[in-house]
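*Asks:* Here you go, sequence then predicted model.
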Amino acid sequence: MTIKKPSRSNENQPLQVDIERVINAGSPPPIENEIDDTPKEVRFQMAIPEQLCNLIDDARKLTKTSRRAWLLTAAQEKLQREGRL
């Protein structure tokens, strides 16, 4: 017995208008001269002494924040105190 593929009729095919509507429904294209004002992140690795890390971990447990968030907050607070931020 031979198995045949079912034939596709044109009535099941989407119309070109429908295809274009789906393609154009996405986000709008970027504006040519649009300026991105979001601050860029600089990524780097940092090694700190174990004792300092333990002190940071003890301090951040009170606020239940990550090390990254705690260190960023601490740096911002210091810069604000010095009038640099």
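*Replies:* Yep, it's here. Everything quoted here is computed from the prediction, not taken from an experiment. Numbering: from 1, shown residues only.
*Asks:* quick one: the helices in this structure?
*Replies:* Residue ranges of the helices in the chain, as given by DSSP state H, are 16-24, 50-61, 67-81.
*Asks:* of all the ones you listed, which lies closest to Lys5?
*Replies:* Nearest to Lys5 among these is helix 16-24 (23.1 Å), distances taken as Cβ to Cβ. (C-beta placed from N, C-alpha, C; glycine too.)
*Asks:* still on that earlier bit, export the helices of the chain as a markdown table, with columns for mean neighbour count.
*Replies:* Output for the helices of the chain, formatted as a markdown table (neighbours: other Cβ atoms under 10 Å):
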| stretch | mean neighbour count |
| --- | --- |
| helix 16-24 | 9 |
| helix 50-61 | 11 |
| helix 67-81 | 12 |
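*Asks:* Quick one: closest of the ones you listed to Pro39.
*Replies:* With Cβ to Cβ, the closest approach to Pro39 among those belongs to helix 67-81: 12.3 Å.
*Asks:* any idea of the mean pLDDT in the closest one?
*Replies:* Computed over helix 67-81, the mean pLDDT rounds to 93.
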